[in-house]
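# What would the 3D arrangement of this be:
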Amino acid sequence: MKSVKALVIVMGLLIVAGLGLLVYGMANQISGVAGPDAPSGFDETIVSLPVGCSVIETRVDGDRLIVRTDGPLGYKSCRQIIIFDLLSGEVLGRITFAPQP
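Okay, the predicted model is just below:
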């Protein structure tokens, strides 16, 4: 009977320890604490737009930021979609829309 009692106590301690580790892991995920393999962000990226152009829309898709720009009529170079890598900050691509001749 003593061995059953000891086994129940040990199993109860294992359950409590497992629940504690589970709560600790969830708290780290929620607080955004990064592990050693987490990618670091970037400091600053400067993107030049032609005068008169402005950002119309931004959208995040996975680890990419998609920025849509536009400007006054006649500013053909303002109509762009710029795609950034959120991890490095570099411009992955730029799409410029121009009217067909």
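
# Using the record's assignment, carve this protein into domains.
1-38, 54-96 (automatic domain parsing).

# closest one to residue 44 among the ones you listed?
Taking C-beta to C-beta, domain 54-96 is the member of the domains of the chain nearest to residue 44, at 7.4 Å. No exception for glycine: its C-beta is placed from N, CA and C like everyone else's.

# Show the average pLDDT along the closest one.
Mean per-residue pLDDT for domain 54-96: 87.

# what about the helices in this structure?
Listed in chain order, the helices of the chain (DSSP state H) span 2-31.

# Report the contact partners of the residue nearest to the spatial centre of it.
In the chain, the centroid-proximal residue (C-alpha atoms, centre = their mean) is residue 63; its distance is 5.4 Å. Shown in contact with residue 63 (C-beta atoms under 8 Å, 6 or more residues apart in numbering): 85, 86, 87.

# what's in contact with stretch 83-101?
Applying C-beta under 8 Å, 6+ apart, the external contacts of stretch 83-101 come out as 39-45, 47, 60, 63-67, 76-77, 79-82.

# So how do I select the buried members of the residues you listed in ChimeraX?
Typed into ChimeraX, the next command selects the buried ones out of those (criterion: 16 or more other C-beta atoms under 10 Å):
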select :65,66,67,79,80,81,82
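
# Out of the contacts of stretch 83-101, list just those in strands.
Among these, the residues falling in strands (DSSP state E) are 60, 64, 65, 66, 67, 80, 81, 82.
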